[in-house]
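*Asks:* next comes the sequence, and after it the predicted model I'd like to discuss.
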Amino acid sequence: MPHVMPYVLLGLAIAAEVTATLSLRASEGFSKLGPSSIVVVGYIVSFVLLAKALTALNVGPVYAIWSALGTVGAFAGGALLFDEPVRPVTLIGAGIILVGVVVMNLGGGVSHG
């Protein structure tokens, strides 16, 4: 099952990016060392894993997946961890983002080569 590995890497890249973004909020403007360190490491890990996934996957659909799930993940994490507001219009926006990714992936394959 080697064709599954790029998707595993993509999933881990998304998790690292969401963790880094939520830690950015927790760092309080980089004034807290722990969360600030997680920001730097998380973004480095995310980009390295994304780059590895892109050796086997097409950049357009993969970037759409990475950015969309990162956006929705950060939105959900902000609501859960920081009590940020969840309004009907923000839920609709998150749904539109996810639908956009599905439509983009219908336009062409994700894997190449």
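*Replies:* Yes, it's here.
*Asks:* how far off centre is the strand or helix carrying Ile65?
*Replies:* Secondary structure from DSSP states H and E places Ile65 in helix 59-82. Relative to its parent chain, helix 59-82 has a centroid offset of 4 Å by C-alpha atoms, centre = their mean, to the nearest Å.
*Asks:* cool, stretch 89-105 as well?
*Replies:* Distance of stretch 89-105 from the chain centroid (C-alpha atoms, centre = their mean) equals 14 Å.
*Asks:* next: stretch 74-91.
*Replies:* Here stretch 74-91 is found 16 Å from its chain centre; the criterion is C-alpha atoms, centre = their mean.
*Asks:* neighbours around Gly100, how many?
*Replies:* Residue crowding around Gly100 was assessed by other C-beta atoms under 10 Å; the count is 12. For the C-beta atoms, the positions are set from N, CA and C on the backbone; glycine is no exception.
*Asks:* His3 now?
*Replies:* His3 has 9 nearby residues by other C-beta under 10 Å.
*Asks:* how much space separates it from Ile92?
*Replies:* 35 Å (C-beta to C-beta, to the nearest Å).
*Asks:* okay, and for this structure, where does confidence drop off?
*Replies:* Scanning the chain with the threshold set as pLDDT under 70 gives 1-2, 108-113.
*Asks:* centroid-nearest residue for it?
*Replies:* Residue closest to the average C-alpha location in the chain (C-alpha atoms, centre = their mean): Gly70, at 2.5 Å.
*Asks:* ok, and the closest non-adjacent residue to it?
*Replies:* Residue nearest to Gly70 in three dimensions, not counting chain neighbours: Glu17, with 4.6 Å by C-beta to C-beta, 6 or more residues apart in numbering.
*Asks:* helices along the chain, start to end?
*Replies:* Here the chain has its helices, by DSSP state H, at 5-26, 33-53, 59-82, 88-106.
*Asks:* deepest of the ones you listed, which one?
*Replies:* With neighbours defined as mean count of other C-beta atoms under 10 Å, those peak in mean count at helix 5-26, which reaches a mean of 19.
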